[in-house]
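1. below: sequence and its predicted model.
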Amino acid sequence: MPLTDAQHAEIAAQRDAAATTRRATVPALEALLFTAVPLLDHGFIRVIDYMGDDAAIVQAARVSYGRGTRRVSEDAGLIRYLMRHRHSTPFEMCEIKFHVKLPIFVARQWIRHRTANVNEYSARYSVLDREFYIPAPAQLAAQSDVNRQGRGAVLHGDEAAEVLALLRDDASRCYDHYAQMLNEDAQGAAVDPARQGLARELARMNLTLNTYTQWYWKTDLHNLLHFCALRADAHAQYEIRVYADAIIDVLKAWVPAAYQAFADYRLGAVTFSAQMVTVLRRMLAGEAVAQAGSGLSKREWAEMMGALGK
Ligand SMILES: Cc1cc2nc3c(=O)[nH]c(=O)nc-3n(C[C@H](O)[C@H](O)[C@H](O)COP(=O)(O)OP(=O)(O)OC[C@H]3O[C@@H](n4cnc5c(N)ncnc54)[C@H](O)[C@@H]3O)c2cc1C
């Protein structure tokens, strides 16, 4: 369900209101503030508030009395040094708060990131909307043959149609029963005055995991980068990855120097074990090393060769 006219109006009103401040602001992030970026079929992410910028990282690292910044290239160099050497606390000086709408099964993965502050829509207090995530056909895939935690080839034809129908029907039927048990209309009045209606905190247990929930989620830049490193990775499930990818777009606007350092030293970097480094040194010395004589398991060998593009 797209945002309602009333929700659009609330966002527009927030965007129209401007405040003067002595604190640092980032024009590129100000341009995005409050706007909902649509994700999946009913989800979104929007930035509600933030504190700090690239300069705040530098300022904290230098424990400066003023802004602490010097030439842009020097500041970027310091940020890259901090990222490279995992000197992480200066990145914790920046904070950001998102409003996220996401399917419950994605929320279960997301909530595992403990280093954040969360306030979720209360389904004890309010009735959840009739909104379910139904994957786009391209995301409807079979179990992977090689990865027990992943998906493989896309389903086609009758099987795909049948799966989509099951997902829709089950979610709809469970929601119908939820509404029936609640016995309340949109204004909260009893649909059937002869029935008491079940408490919202109990009726919700019948809902399917693809039902959408919402929360406000606040974290600092260090932990946000950790979240992105894990959830924008190819091993993460597609449905959480789209949110991490959208957060990465926010990072590019908010802290471009920190993002670039993160892209270079985390996202695009690889880690080699001590044994892998030994293998690499033998290869660089001209030796033809094979998996059998490498001291690496088949899986490690495949991972290393993958990282080397071999
Ligand atoms: C691809 C993928 C597959 C996964 N599969 C599973 C799975 O099958 N089952 C499952 O249960 N989970 C699974 N997870 C979740 C994963 O194990 C982590 O719980 C999740 O990624 C959060 O990571 P985190 O703990 O580093 O993050 P955060 O909770 O944000 O913590 C950040 C860092 O803070 C520190 N920290 C936080 N809390 C503590 C603490 N109590 N003690 C010590 N240090 C702490 C750690 O250094 C941690 O890395 C999976 C995650 C990914 C990305």
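-> That came in fine, so what should we check first? Here the structure is a predicted model, which means the values were calculated and not measured.

2. mean confidence score for the helix or strand hosting Glu300?
-> If you go by DSSP states H and E, Glu300 is part of helix 298-308. If you average the pLDDT over helix 298-308, you get 95.

3. what does stretch 54-71 give?
-> Mean predicted confidence for stretch 54-71 is 88.

4. pull the CA atoms of the helix holding Glu300 into PDB?
-> Written as PDB, here are the backbone C-alpha positions of helix 298-308 (Å, rounded to 0.1, in the frame of the first residue of the first chain):
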ATOM      1  CA  LYS A 298      38.500 -27.300  -0.600                       C
ATOM      2  CA  ARG A 299      36.100 -24.600   0.600                       C
ATOM      3  CA  GLU A 300      38.900 -22.200   1.700                       C
ATOM      4  CA  TRP A 301      40.700 -22.800  -1.500                       C
ATOM      5  CA  ALA A 302      37.600 -22.000  -3.600                       C
ATOM      6  CA  GLU A 303      37.100 -18.900  -1.500                       C
ATOM      7  CA  MET A 304      40.700 -17.800  -1.900                       C
ATOM      8  CA  MET A 305      40.700 -18.400  -5.700                       C
ATOM      9  CA  GLY A 306      37.400 -16.600  -5.900                       C
ATOM     10  CA  ALA A 307      38.900 -13.600  -4.100                       C
ATOM     11  CA  LEU A 308      41.900 -13.700  -6.500                       C
END
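
5. is stretch 92-101 in proximity to the ligand?
-> No - using CB under 6 Å from any ligand atom, stretch 92-101 never reaches the ligand; the gap is at least 11.4 Å. Every C-beta, even on glycine, is put in place using the N, C-alpha and C of the backbone.

6. residue in the stretch 151-300 of the chain with the shortest distance to the ligand?
-> At 3.9 Å from the ligand, Leu230 is the closest residue in the stretch 151-300 of the chain, using CB to the nearest ligand atom.

7. how far away is that residue from Val100?
-> From Leu230 over to Val100 the distance is 16 Å, taken as CB to CB, to the nearest Å.

8. that older thread, neighbours of the residue of the stretch 151-300 of the chain closest to the ligand, just the number please.
-> Applying other CB atoms under 10 Å, we find 15 other residues in the vicinity of Leu230.

9. again, but for Gly150
-> Close neighbours of Gly150, defined as other CB under 10 Å, add up to 15.

10. show the contacting residues for the nearest residue in space to it that is not next to it in sequence.
-> Setting aside the residues directly before and after it, Gly150 is nearest to Ser144 in space (CB to CB, 6 or more residues apart in numbering), at 4.0 Å. With contact set as CB atoms under 8 Å, 6 or more residues apart in numbering, Ser144 has these partners: Gly150, Arg151, Gly152.

11. please flag which of the residues you listed sit within strands.
-> Judged by DSSP state E, strands contain the following of those: Arg151, Gly152.

12. if we check the ligand, which of the contacts of Ser144 are in contact?
-> Of those, not one also sits near the ligand (CB under 6 Å from any ligand atom).

13. as TSV, the contacts of Ser144 with pLDDT would be great.
-> Output for the contacts of Ser144, formatted as TSV (pLDDT from 0 to 100):
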residue	pLDDT
Gly150	77
Arg151	76
Gly152	76
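
14. what is the rounded mean pLDDT of whichever strand or helix holds Thr213?
-> Element membership for Thr213, per DSSP H and E: strand 212-220. In this model, strand 212-220 has a mean pLDDT of 98.

15. restricting to C-alpha, output it in CSV.
-> C-alpha atoms of strand 212-220 as CSV (Å, rounded to 0.1, in the frame of the first residue of the first chain):
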residue,chain,number,x,y,z
TYR,A,212,4.7,-5.6,7.4
THR,A,213,5.8,-4.0,10.6
GLN,A,214,7.5,-0.6,11.2
TRP,A,215,10.0,0.8,13.5
TYR,A,216,12.2,3.8,14.3
TRP,A,217,15.8,2.6,14.3
LYS,A,218,18.7,4.7,15.5
THR,A,219,22.4,3.7,15.5
ASP,A,220,25.8,5.3,15.2
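
16. centre of the chain to whatever helix or strand comes next after it, how far?
-> For strand 212-220, the following helix or strand on the C-terminal side (DSSP H and E) is helix 221-231. The chain centroid and the centroid of helix 221-231 are separated by 9 Å, computed with CA atoms, centre = their mean, to the nearest Å.

17. how many neighbouring residues does Arg148 have?
-> When neighbours are counted by other CB under 10 Å, Arg148 registers 7.

18. also Glu201?
-> So Glu201, with other CB under 10 Å, has 11 neighbours.

19. equivalent analysis for the one 4 residues further on, please.
-> Each residue near Met205 was counted by other CB under 10 Å, and the total is 10.

20. phi, psi of it?
-> Dihedral pair for Met205: phi -70, psi -10, per degrees, to the nearest 10.

21. tell me how far it lies from Arg124.
-> 11 Å.

22. tell me which residue is most central in this structure.
-> Most central in the chain under CA atoms, centre = their mean is Ala244, positioned 3.3 Å from the mean C-alpha point.
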